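Undergrad: need the 3D shape of this:
(2 chains)
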Number of protein chains: 2
Amino acid sequence: MSTPSAPHALDAQSSEPERLGWMQGFPPSPAVAITYADGSFRQFPQSRWSFSNFRQFLPTKSVWRGSAPASSFLVSEQDLSRIPVALGDGRTITFGEALALTYADGIVVLHRGRIVYERYFGALAPHQQHIAMSVTKSFTGVLAGMLVAEGRIDPQAPVVAYVPEMAKCGFADARIQQVMDMTTGIAFTEVYNDPKSDVVAMRRAVGTSPPEPGTAPTSLLEYLTTVQKLGAHGEAFNYRTVNTDVLAWIVRRVTRQPFAQVLSERLWQPLGAEEDAYITVDRLGIEFAGGGLNTTLRDLARFGEMMRNRGHFNGRQIVQAAVVDEIARGADPAKFSRETYPTLPGWSYHNQWWVSHDAHGVIMARGIHGQSIYIDPKAEVVVARYASHPVAGNVGNDPVTLPAFAAVTRALMG
Amino acid sequence: MSTPSAPHALDAQSSEPERLGWMQGFPPSPAVAITYADGSFRQFPQSRWSFSNFRQFLPTKSVWRGSAPASSFLVSEQDLSRIPVALGDGRTITFGEALALTYADGIVVLHRGRIVYERYFGALAPHQQHIAMSVTKSFTGVLAGMLVAEGRIDPQAPVVAYVPEMAKCGFADARIQQVMDMTTGIAFTEVYNDPKSDVVAMRRAVGTSPPEPGTAPTSLLEYLTTVQKLGAHGEAFNYRTVNTDVLAWIVRRVTRQPFAQVLSERLWQPLGAEEDAYITVDRLGIEFAGGGLNTTLRDLARFGEMMRNRGHFNGRQIVQAAVVDEIARGADPAKFSRETYPTLPGWSYHNQWWVSHDAHGVIMARGIHGQSIYIDPKAEVVVARYASHPVAGNVGNDPVTLPAFAAVTRALMG
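TA: Numbering: from 1, shown residues only, chains lettered A, B, ... in the order given. This next block holds a predicted model:
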């Protein structure tokens, strides 16, 4: 490529799974094997294959799509590949190059609800599910928001009011709204490439990393009860996945249903999803609501389009408009650290969504390897992208992703 | 119940999962937790829940149903529950009682292709998949038969001709037909309740039991290459699951596709299955073709109905008629031990199906906890049943199952 070099030894083309032969052969040879036990299923470049095949590594629950026909999209294909994208450093690339630079595994762009662009790369195919990672949180936030709108969750109540098991942990006196906005003051570090970070222990509890014999806790909900308090709640946004799993615990308590069932009945079935989704579970069958959802790209786009339409999709009001409006309102950007998020100046995090506070009212759902839903209400554009970027953190792809999505949006607005 | 007592402390009603509370609560308490690591997911009465939720314990691959609408069944509901069933010991029970005595989790009875009876018990629901266990073998047999019919597998060739990796193991010089009929002479014991049986080591390799550190092999195909020869091939039917996984290895080699993909493209999609199926995989993503398939009951019935119609279903010829005819022909009943199979006098095992050689031409696919497809061509009846009988072996339920299915069949013939 004549474009800027990728931030890793292997660029998107060189890391194409088919080319590297991952898991080919019966059995795959050790050189191309990807396994759960050795952790390779989480590592780049194996991730370019494994992120589209997560269920082969972990136990899962189905998120049933129901038995009705899938909702259909109108298609008005436009070749957006050559749209110029001006990067912050002065260079200009094309949208197609931006997809490669961000290791996209697939993208769907909707304009006024029509598919205008749809491409698959890596190991992804239209009917296959890709790990959404932290995009899962935004689903959890919407479900919790619906229960708030129905008066079944009081956002001002403390966590312990719904989950007595949390009485002795750092979340006990946090208000649910603080959990939803991740402004809880808890002792939990989330540094993905630091083996001593708390997120590693959380992964062991949730099962996305193999357990180490003798280390406890070995299940997600038990782990949550061990998180201690650090500082006051409500003072600053600190992105901590455990908040989302506390929120999902409350969702289960209030609905008396497994999380996967709530997701199926309240979103997947009414959306008319094309395929079942699935979510990874811990050893006790508890779903990882902070990062375990796997969906097809088109179904991710359906969810995004429903949000763009203030909860209306597939001929029905699926989510109360007030729930979407509340998310779009955002939280206080002053609580959002510019140092931690240099690529997101002026943004906030509210009800498990990233809110730009820009003139278009852009909101995003974001996963750490570039998984994203980008919703621009003013432009009537939704972008759903799955990716397996080698850098675990959006700071690795935002400098390309954000200008690219904005450029496509401008082009579609005409 | 006033009927004969169940062969276990807990009868069907007492072992209903909802009643016992398995996996209820967030999190489930230790008393009702079912886990992979402690093996409880394979044990009765936990099995009454776990057999309908197998994917929560193991990594799996999807068997995609495709994007076409599901094939539809006509329904002419008849209440078969009260049909009398005369047992071999002189007692008479009702068909409904027979279902309870065999710990049925669900049953679909088709007559001339119409659903005449459909019931769900235990933890099963119409859209949920249940572990088929050895019924999986009959799917594998049909796929292999199709490749034989296409001239891509020579049933008289030795295994080593397709799988050179088997050169030094007991299967090397076995003819593929002998593998299909399980008349290979191999050193492999399959005694489900004996912890020293080879089937336990196989389960560790295939992942359906937790691996023991230090014990090898840790993957299915590697395990197959360690099976040694014992006696001559072709002399007697010896039911050994490893034969099926050797057969599936050949299917993969010939098609150059993962087993789940072959199953999807050649059966699941053309059948118009209602739901995706799924199959458990080992740590290298290799499907357990000898016992890992999970399907809905209706989709199991679709497969059975296709077989009854000599390969024709959903408006098309899905499997060559010759493949079904060959299965129905059966193998030599003289090679079938009356001592080992006291409930199946005169039967044979051919191409991974159980063949009755009776006047109706009944054939069956059978799993060890009572999972079954019962096809009576003369009566134009197909019975698909999932079950979680406490006895691991059909000798535990055949004395009720076989008279019950025959009684229903006679009643439907009128």
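Undergrad: close to chain B: what parts of the stretch 201-350 of chain A are there?
TA: A:219-222, A:249, A:252-253, A:258, A:274-276, A:281, A:283-286 (C-beta under 8 Å from any C-beta of the partner chain). Using the backbone N, CA and C atoms, a C-beta is placed for each residue, glycine as well.
Undergrad: mind doing that once more with 6 Å?
TA: A:221, A:252, A:281, A:283-286 (C-beta under 6 Å from any C-beta of the partner chain).
Undergrad: list just the nearest of those residues to A:P399.
TA: Nearest to A:P399, judged by C-beta to C-beta, of those is A:V281 at 35.2 Å.
Undergrad: burial count for the residue lying closest to A:L80 once chain neighbours are set aside?
TA: Residue nearest to A:L80 in three dimensions, not counting chain neighbours: A:Y117, with 4.6 Å by C-beta to C-beta, 6 or more residues apart in numbering or on different chains. Taking other C-beta atoms under 10 Å in any protein chain shown as the criterion, the count of residues near A:Y117 is 22.
Undergrad: A:Y117 contacts A:D79, correct?
TA: No - A:Y117 is beyond contact range of A:D79, at 7.6 Å (criterion: C-beta atoms under 6 Å).
Undergrad: what comes into contact with stretch A:246-254?
TA: A:140, A:143-144, A:147, A:152-153, A:162-163, A:171, A:179, A:224, A:259, A:262, A:289, B:26 (C-beta atoms under 6 Å, 6 or more residues apart in numbering or on different chains).
Undergrad: got the domain boundaries for chain A?
TA: A:84-136+A:259-413, A:146-245 (automatic domain parsing).
Undergrad: mean pLDDT lowest for which of these?
TA: In terms of average pLDDT, domain A:146-245 trails the rest of the domains of chain A, at a mean of 94.
Undergrad: quick one, phi psi at the most centrally placed residue in chain A?
TA: The centre of chain A sits closest to A:V135, judged by C-alpha atoms, centre = their mean, with a distance of 1.1 Å. Main-chain dihedrals, A:V135, degrees, to the nearest 10: phi -60, psi -30.
Undergrad: host element of A:G291?
TA: Assessed by DSSP states H and E, A:G291 sits outside every helix and strand.
Undergrad: please report how far the nearest residue to it once chain neighbours are set aside lies from A:Y278.
TA: In space, and not counting its chain neighbours, A:G291 is closest to A:M133: 4.7 Å by C-beta to C-beta, 6+ apart. Distance, A:M133 to A:Y278, using C-beta to C-beta, to the nearest Å: 14 Å.
Undergrad: again with A:P17
TA: 20 Å.
Undergrad: same thing with A:Q24?
TA: 24 Å.
Undergrad: go on, A:W49?
TA: A:W49 sits at a distance of 17 Å from A:Y278 (criterion: C-beta to C-beta).
Undergrad: and what of A:F121?
TA: A:F121 is 22 Å from A:Y278, by C-beta to C-beta.
Undergrad: so for the two, which sits in the more crowded spot?
TA: Comparing A:F121 with A:Y278 by other C-beta under 10 Å, the one with more neighbours is A:Y278, at 28 against 21.
Undergrad: show me what the host helix or strand of the more buried one packs onto, helices and strands only.
TA: A:Y278 belongs to strand A:277-280 when assigned by DSSP H and E. Here strand A:277-280 touches strand A:60-63, strand A:293-295, going by 3 or more C-beta pairs under 6 Å, 6 or more residues apart in numbering or on different chains; DSSP states H and E.
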